[in-house]
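**Student:** Task: produce atomic coordinates for the following.
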Amino acid sequence: MTDEGTAAAVLAAYGRFPVRPGLTESELAGVEQEFGFSFADDHRAFLAAGLPYGRGWPDWRDGDRAQLREKLAMPVEGVLFDVAENGFWYEGWGPQPAGNADAVTVARRFLMTVPRLVPVYSHRYLPAGRGTSGHPVLSVMQTDIIGYGADLTTYIRHEFGGEPLEAGRPTVAFWRDLVA
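**Tutor:** Numbers count the residues shown, from 1 in each chain. Got it, this is the predicted structure:
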């Protein structure tokens, strides 16, 4: 069984959430087209094996499209909030502009180029990207970002099974630099 199948099986075995039939290839492609990203291969396989349903899980099949867009925007919007309200500045952006509005403008321009994060559950995210897999799951709250599972299966085991945290090493540009 693949890691993704294992993750889906582990989640189903915990019995904490209903798991509906997985997304079809057509549904996955439709979500990717509608929202402008590609699931990482392991995330895609997980959702194809079964679609977890209930509080905290993004409902890629029947969910409110505006809420899904908000969840997709939350990582970037959280960073922008910290730029505007908490003086956060990433050194890779160059010198910090004097005014908050200018700082947010520069930060927003940069953030449009960083790897997209896709919600897995609540504020847990995986990087987007067809042809990629094995990324650690990240817990993202503004610029407070921590690894929350070395991969999808270890994340499921930690989050829902109480197993010890195996954070893994973040793999994607920018976001890995913010990991505490």
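**Student:** Please make it C-alpha for all contacts and neighbour counts, starting now.
**Tutor:** OK.
**Student:** and the closest residue to Gly149 other than its chain neighbours, what element?
**Tutor:** The shortest distance from Gly149 to any residue other than its chain neighbours is 3.9 Å, reached at Tyr155 (Cα to Cα, 6 or more residues apart in numbering). Here Tyr155 is covered by helix 152-161, with elements defined by DSSP states H and E.
**Student:** Of all residues in the chain, which one is nearest the centre?
**Tutor:** Central residue of the chain (Cα atoms, centre = their mean): Tyr125, 1.9 Å from the mean position.
**Student:** Just the strands from this protein, written as ranges.
**Tutor:** Ranges of strands within the chain are 19-20, 51-52, 117-121, 124-127, 137-141, 144-149, based on DSSP state E.
**Student:** buried sites along the last one?
**Tutor:** Buried residues in strand 144-149, counted by 16 or more other Cα atoms under 10 Å: Ile145, Ile146, Gly147, Tyr148, Gly149.
**Student:** now these in JSON lines, with pLDDT and distance to Leu178?
**Tutor:** JSON lines is the format used below for the buried residues of strand 144-149 (pLDDT from 0 to 100; distance: Cα to Cα, whole Å):
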{"residue": "Ile145", "pLDDT": "95", "distance to Leu178": "6"}
{"residue": "Ile146", "pLDDT": "94", "distance to Leu178": "8"}
{"residue": "Gly147", "pLDDT": "94", "distance to Leu178": "10"}
{"residue": "Tyr148", "pLDDT": "93", "distance to Leu178": "14"}
{"residue": "Gly149", "pLDDT": "93", "distance to Leu178": "16"}
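**Student:** Which residues are in contact with the residue nearest to the centre of the chain?
**Tutor:** Tyr125 is in contact with Leu117, Val118, Pro119, Val137, Leu138, Ser139, Val140, counting by Cα atoms under 8 Å, 6 or more residues apart in numbering.
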